[in-house]
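Colleague: pasting the structure only:
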Ligand code: SF4
Ligand code: SF4
């Protein structure tokens with residue numbers, strides 16, 4: 001979102017990493033653990049001075065009253081609860097009379113206890129909990145530093161969040177193992193965990209030692225493109241049949257926004273990048289959470305104002321590059337308005353005609369978008385008419401019965417999904 005003069009943005013999103021890359025787990029595919037060598041002599045703890053500057057400048061830089069303070073890792077709970085209590089005092093000190101601040105907090109859940117969850121609840125934190133499915137799938141890669149599985153501890157964290165009525169999302173990374181079990185993963189979250197908000201994140205891990213976005217081969221933990229497509233298709237079929245408006249899958253919401261002509265509610269499907277930056281523990285600001293690497297360092301907020309860095313030519317160029325480097329296959333693709341070539345970090349495929357820069361996951365996305373096209377169009381049509389997207393479920397059921405010669409069904413009342421898209 002930009003001001004009418006086209007200069008500074010109305011709002012931007014900073015993911016703060018108060019412990020940098022440091023984490024208490026040793027997940028096999030974590031791209032951040034390798035990045036500890038960016039700061040070889042660091043203790044990886046954000047000082048109160050950096051925290052205060054981050055909050056002061058983030059609030060001051062927003063031309064809209066809604067401000068999100070996003071805590072991310074590594075693992076932010078390693079900072080201890082008192083750090084976040086102090087951050088709330090700082091937020092109160094700098095908030096204007098109309099400022100509304102929402103804190104988001106991404107965690108692996110290992111250190112969560114009643115005190116943490118009470119704190120999240122009392123201060124309206126939105127928590128993202130990383131979990132890769134039921135125990136036998138979660139524990140394949142999400143292990144602690146002693147090599148032990150973490151499922152029981154993460155499940156306990158989810159139960160504590162529920163006990164304290166903390167709003168939380170599940171962030172599930174999709175790797176070469178759990179990608180073969182889409183329904184087990186989805187039904188576990190929906191039925192056993194009782195999760196309402198789920199995001200699936202494909203693991204595309206470059207095979208190199210730096211952890212940077214270099215090279216064009218991936219590790220054998222990475223999801224294969226067609227596997228990713230089938231994973232999405234299988235869960236989509238389950239979701240579109242019974243869960244629309246009840247279980248929110250960010251990947252589907254983000255794609256539907258594209259069918260509505262509003263791609264970009266999730267950044268990976270947006271036409272450009274650049275409005276979500278990553279703040280390291282020492283105040284260094286990078287172009288994106290996925291590009292915390294020397295070539296994408298914008299500067300340090302202790303010496304250059306945050307807004308100046310977010311609106312710098314370097315960051316604008318980073319944002320435009322996503323659109324300006326689309327390969328021909330994307331420019332001619334039927335789904336360009338939905339996909340926009342997905343995330344540039346995954347664009348490292350060289351095609352047989354020599355053109356570079358196709359998205360590694362392209363095949364999977366084409367499988368998914370082709371499969372979802374008709375119901376997505378139907379939902380977009382409903383929303384444009386001011387109706388609710390979940391009316392698609394009885395419509396599809398009636399169409400199926402008609403095809404099978406059983407007769408027509410009547411749409412049931414629906415839930416207010418349309419509000420999520422402000423139609
Ligand atoms: S590089 Fe990827 S993750 Fe970063 S803003 Fe762009 S699309 Fe989003
Ligand atoms: S589906 Fe493939 S070709 Fe189409 S826009 Fe996405 S990455 Fe490009």
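Modeller: Yes, it's here. Owing to the predicted nature of the structure, the values given are computational and were not obtained by experimental measurement. Ligands and ions are numbered 1, 2, ... in the order given.
Colleague: residue numbers of the stretch 151-300 of the chain in contact with ligand 1?
Modeller: 267-268, 273, 276, 288, 290 (CB under 6 Å from any ligand atom). Backbone N, C-alpha and C define where each C-beta goes, glycine included.
Colleague: got those residues as a markdown table, with pLDDT, secondary structure and neighbour count columns?
Modeller: Formatted as a markdown table, those follow (pLDDT from 0 to 100; DSSP: H, G, I helix; E, B strand; the rest coil; neighbours: other CB atoms under 10 Å):
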| residue | pLDDT | secondary structure | neighbour count |
| --- | --- | --- | --- |
| 267 | 95 | helix | 20 |
| 268 | 96 | helix | 23 |
| 273 | 96 | coil | 24 |
| 276 | 94 | strand | 17 |
| 288 | 97 | coil | 21 |
| 290 | 93 | helix | 20 |
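Colleague: kindly check the end-to-end length of stretch 17-29 for me.
Modeller: End-to-end span of stretch 17-29 (CA to CA, to the nearest Å): 18 Å.
Colleague: so which bits of it are buried?
Modeller: Within stretch 17-29, the residues scored as buried using 16 or more other CB atoms under 10 Å are 17-25, 27, 29.
Colleague: low-scoring stretches of the chain, by residue?
Modeller: The model of the chain has pLDDT under 70 over residues 1-10, 31-35, 209-213, 406-423.
Colleague: just put the buried residues of stretch 17-29 in JSON lines and tack on distance to ligand 2 and secondary structure.
Modeller: Output for the buried residues of stretch 17-29, formatted as JSON lines (distance: CB to the nearest ligand atom, whole Å; DSSP: H, G, I helix; E, B strand; the rest coil):
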{"residue": "17", "distance to ligand 2": "29", "secondary structure": "coil"}
{"residue": "18", "distance to ligand 2": "34", "secondary structure": "coil"}
{"residue": "19", "distance to ligand 2": "34", "secondary structure": "coil"}
{"residue": "20", "distance to ligand 2": "31", "secondary structure": "coil"}
{"residue": "21", "distance to ligand 2": "29", "secondary structure": "coil"}
{"residue": "22", "distance to ligand 2": "34", "secondary structure": "coil"}
{"residue": "23", "distance to ligand 2": "31", "secondary structure": "coil"}
{"residue": "24", "distance to ligand 2": "35", "secondary structure": "coil"}
{"residue": "25", "distance to ligand 2": "31", "secondary structure": "strand"}
{"residue": "27", "distance to ligand 2": "27", "secondary structure": "coil"}
{"residue": "29", "distance to ligand 2": "22", "secondary structure": "coil"}
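Colleague: identify the farthest-apart pair in the residues you listed.
Modeller: Greatest spatial distance in those: 18 and 29, 22.4 Å, computed using CB to CB.
Colleague: now residue 379: which helix or strand?
Modeller: helix 362-384 (DSSP states H and E).
Colleague: roughly how far is that helix from the heart of the chain?
Modeller: Its chain's average C-alpha position is 20 Å from that of helix 362-384, according to CA atoms, centre = their mean, to the nearest Å.
Colleague: before we move on, what about stretch 261-279?
Modeller: Relative to its parent chain, stretch 261-279 has a centroid offset of 10 Å by CA atoms, centre = their mean.
Colleague: okay, how far is it across it, tip to tip?
Modeller: End to end - CA to CA - stretch 261-279 spans 31 Å.
Colleague: what do you get for stretch 307-319?
Modeller: 15 Å.
Colleague: rewinding a little: so which bits of the helix holding residue 379 are buried?
Modeller: By neighbour count on 16+ other CB under 10 Å, the buried set for helix 362-384 is 362-369, 371-372, 375-376, 378-380, 382-383.
Colleague: show me what from the chain comes close to ligand 2.
Modeller: 329-330, 333, 335-336, 339, 341-342, 359, 362, 365-366.
Colleague: next step: these restricted to helices.
Modeller: Residues of the residues of the chain next to ligand 2 located in helices (DSSP state H): 329-330, 336, 339, 362, 365-366.
Colleague: just to revisit the earlier point, how about the buried residues of stretch 17-29 in JSON lines, adding distance to residue 230?
Modeller: Below are the buried residues of stretch 17-29 laid out as JSON lines (distance: CB to CB, whole Å):
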{"residue": "17", "distance to residue 230": "33"}
{"residue": "18", "distance to residue 230": "38"}
{"residue": "19", "distance to residue 230": "36"}
{"residue": "20", "distance to residue 230": "36"}
{"residue": "21", "distance to residue 230": "32"}
{"residue": "22", "distance to residue 230": "35"}
{"residue": "23", "distance to residue 230": "30"}
{"residue": "24", "distance to residue 230": "33"}
{"residue": "25", "distance to residue 230": "28"}
{"residue": "27", "distance to residue 230": "24"}
{"residue": "29", "distance to residue 230": "20"}
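Colleague: of those residues, list those near ligand 1.
Modeller: Among the buried residues of stretch 17-29, no residue sits close to ligand 1 (CB under 6 Å from any ligand atom).
Colleague: for residue 242, which non-adjacent residue is spatially closest?
Modeller: Take residue 242 and drop its neighbours on the chain: the residue closest to it by CB to CB, 6 or more residues apart in numbering is residue 393, 6.7 Å away.
Colleague: how far is stretch 274-284 from where the chain is centred?
Modeller: 16 Å.
Colleague: pop out the phi and psi values for whichever residue of the stretch 301-423 of the chain sits closest to ligand 1.
Modeller: Nearest to ligand 1, among the residues of the stretch 301-423 of the chain, is residue 343, at 3.3 Å (CB to the nearest ligand atom). As for residue 343, its main-chain torsions (degrees, to the nearest 10) stand at phi -80, psi 130.
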